[in-house]
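Student: how would this look folded up:
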Amino acid sequence: MTVISTKTIEKRPEDGVAALKRASYRDIPLYSIPKERSAIDLSDNTNLWGAPPGALRSLRATAEDSVTRYPTAYEPELREALADYAGVSPDMIVAGCGSDDVLDAAIRAFAEPGDVLCLPAPSFSMIPVFARTNGLIPLEVPLIARLDADAPAMIETGARITYLCSPNNPTGEAFSRKTVERIVRQAAGLVIIDQAYAEFGGESFIDLASEGRPVLVTRTLSKAFGLAGLRVGYGIGSPEVVGEIMKARGPYKVNALAERAAIAALENDQPWVAEHVTAVVANRARFQQELALRGITSLPSAANFVLLPVRDCAAVSEQLRRAGVGVRALTSLPGIGDAVRIGIGPWDLMERCLDALGTVA
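Tutor: Alright, predicted model coming up:
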C-alpha cells in the first residue's frame, strides 16, 4: 500500500489567505498600466495605423461561427501560416496567447524551481515576474557600452535560462550578432531571444533556432501586424524545444477568433504590414531628428518606439498627459535613470507629441 505524506500548514483562522501566500513572489505588483487613457496614446508600442484589412474581414465573417466551440487544441493551421512567414517547418512553431504566454511556458518547461534566469538590465519588465512565479531566481546583468548585452557576464552566471530581447525593450537598441551568437554557443541552458520588434530593425536570429541548439526565438503579431487585442504570439525552435513548450503551455491557448484573424493577416496582409513598417522606420528617424533639433536626447532605436532619458519621468509623463499625449514612464533604469518611452505612429501624431514636449518644463 502506497502512503502519501502530506505537509500540514500551521495557521490560525484569522490568518486567512495571508498564511498561504508564496514568499517567493509575495511582493510582486500587478503590471502597471496608465490610469487614464490620453487622446493620443503612444505608450503601448502597438500599430498606431490600426489593424490589417484582411484580419478585420475575417473577424466579421467568422465571429458567429467561432464563439460556441473550442478552437483547435494546438493551432495546426496557424502554425503552418506562421511557419511559412518565418521560413521554417510547422513543427518548429509554438503559438500562444501573446508571446508572453510562450515565454512563460518556455521558462516552466526548461527550468526547475530554484534555477537561475539571467537577463539584461534594463529589459522586458515581465521576465523577472515570470521567473519568480515559476520559482526561479532572476539575475539581471547591466548592459555594456552601445547598449549591448554583456556576453561574458551573462555566460558566467551558468543560468538555466538566458533571456535576450533584441531589439531590446525599453532601450530600443538591437544586440549585435556577435554578442548573441557567443551567448548561444556558450550559455549553459536554454537561450530565449525575444524578437517582438524584429520587423522594425536589427538582425533576425531565426537561423540560430534552426540549428538544433537549445534556442527559442519568440515573436508576436501584436506589433507590426496590429493585432495586439487578439493576443497572438509564437515561438520558433527545434521540434524538441517546441514539443516541451507545448506540453507546458497546454491546449486551447489561442482563441478561435484570434486564430482565424491571424491566419488571414499572414495570408493576405503582409503588403499592408510591410507598408506600415516602412512608415514606422521613416517616422522614427524623422522624429529623432526633430528631437535633436529641439535639444532633446533620445537613444538609438531599431524598434517602433524611442526612449528619452529625462530627469523626472513621472513629472514629464504627467505634463504630456495633460497635453493629451500618453507615454510610458520608466523609473531608474539601470545605466540610464528615468526615461519616457514613446511609440512611433503616423506623422500627425508625432507632430502633436513634439508640440507637447515643447510644453514640458
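
Student: where does the stretch 1-150 of the chain dip in pLDDT?
Tutor: Within the stretch 1-150 of the chain, the ranges that satisfy pLDDT under 70 run 1-15, 32-35.

Student: just the helices in it please.
Tutor: 53-66, 76-86, 98-110, 126-133 (DSSP state H, counting those that start in this stretch).

Student: among the ones you listed, which is nearest Arg37?
Tutor: helix 98-110 (20.3 Å; C-beta to C-beta). Quick note: C-beta positions are derived from backbone N, CA and C, even for glycine.

Student: on that earlier part again, hey, which of the helices of the stretch 1-150 of the chain is tucked in deepest?
Tutor: Comparing the helices of the stretch 1-150 of the chain by mean neighbour count (mean count of other C-beta atoms under 10 Å), helix 98-110 ranks first with a mean of 24.

Student: hmm, who's touching that one?
Tutor: 94-96, 117, 126-127, 130-131, 133-134, 136, 160-161, 163, 189-190, 192, 194, 196, 214, 216, 218-220, 222, 231-235, 244-250, 253 (C-beta atoms under 8 Å, 6 or more residues apart in numbering).

Student: rewinding a little: distance to Ile40 for the helices of the stretch 1-150 of the chain - can I get that in CSV?
Tutor: Output for the helices of the stretch 1-150 of the chain, formatted as CSV (distance: least, C-beta to C-beta, whole Å):
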stretch, distance to Ile40
helix 53-66, 22
helix 76-86, 31
helix 98-110, 24
helix 126-133, 25
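
Student: of all these, which lies closest to Pro309?
Tutor: Across those, closest to Pro309 is helix 126-133 (C-beta to C-beta), at 22.0 Å.

Student: quick check: Glu267 vs Pro52, distance?
Tutor: The gap separating Glu267 from Pro52 is 11 Å, by C-beta to C-beta, to the nearest Å.

Student: quick one: which of those two has more around it?
Tutor: Pro52 (26 against 14; other C-beta atoms under 10 Å).

Student: which residues touch the closest residue to that one other than its chain neighbours?
Tutor: For Pro52, ignoring the flanking residues on the chain, the nearest one in space by C-beta to C-beta, 6 or more residues apart in numbering is Asp269 at 3.5 Å. Applying C-beta under 8 Å, 6+ apart to Asp269 gives the contacts Pro52, Pro53, Gly54, Ala55, Phe225.

Student: of the residues you listed, which is the nearest to Arg260?
Tutor: Looking across the contacts of Asp269 and measuring by C-beta to C-beta, the closest to Arg260 is Ala55, at 8.7 Å.

Student: contacts only, for that closest one.
Tutor: For Ala55, the contacting residues are Phe225, Gly226, Leu227, Ala261, Ala262, Ala264, Ala265, Asp269, by C-beta under 8 Å, 6+ apart.

Student: and the residue lying closest to Arg132 once chain neighbours are set aside, how many residues sit next to it?
Tutor: Excluding the flanking residues, the one nearest Arg132 by C-beta to C-beta, 6+ apart is Tyr25, at 4.3 Å. The tally of other residues near Tyr25 (other C-beta under 10 Å) stands at 14.

Student: what's the spacing between Tyr25 and Pro138?
Tutor: To Pro138, Tyr25 is 11 Å away according to C-beta to C-beta.

Student: which neighbours do these two share?
Tutor: Arg132.

Student: out of the contacts of Asp269, which two sit at the greatest distance?
Tutor: Pro53 and Phe225 (12.0 Å).

Student: from Ala83, how far out is the closest residue to Glu36 other than its chain neighbours?
Tutor: Distances taken as C-beta to C-beta, 6+ apart place Arg321 nearest to Glu36, at 6.9 Å, with adjacent residues excluded. As judged by C-beta to C-beta, Arg321 and Ala83 stand 42 Å apart.

Student: can you give me the buried ones in the lengthiest helix in the chain?
Tutor: Using DSSP state H to define each element, the chain has its longest helix at helix 270-293. Residues of helix 270-293 classed as buried: 272-273, 276-277, 279-281, 283-284, 287-288, 290-291 (neighbour count, 16 or more other C-beta atoms under 10 Å).

Student: in contact with Glu267, which residues?
Tutor: Here Glu267 is in contact with Gly54, Ala81 (C-beta under 8 Å, 6+ apart).

Student: three-state assignment of it?
Tutor: helix (DSSP: H, G, I helix; E, B strand; the rest coil).

Student: can you tell me how far it sits from Arg79?
Tutor: 14 Å.

Student: next one: Leu291
Tutor: 41 Å.

Student: try Asp194
Tutor: 19 Å.

Student: go on, Leu103?
Tutor: Taken as C-beta to C-beta, the span from Leu103 to Arg79 is 17 Å.

Student: with Arg219 instead?
Tutor: Arg219 is 13 Å from Arg79, by C-beta to C-beta.

Student: what do the two both touch?
Tutor: Joint contacts of Arg219 and Arg79 (C-beta under 8 Å, 6+ apart) are Tyr234.

Student: other residues contacting stretch 150-161?
Tutor: By C-beta under 8 Å, 6+ apart, the surrounding residues in contact with stretch 150-161 are 106-107, 110-112, 115-118, 120, 131, 136, 139, 141-144, 162, 179, 182-183, 186-190, 192.

Student: just the buried ones among these, please.
Tutor: Judged by 16+ other C-beta under 10 Å, buried ones among the contacts of stretch 150-161: 106-107, 110-111, 115-118, 120, 131, 136, 139, 141, 143, 162, 179, 182-183, 187-190, 192.
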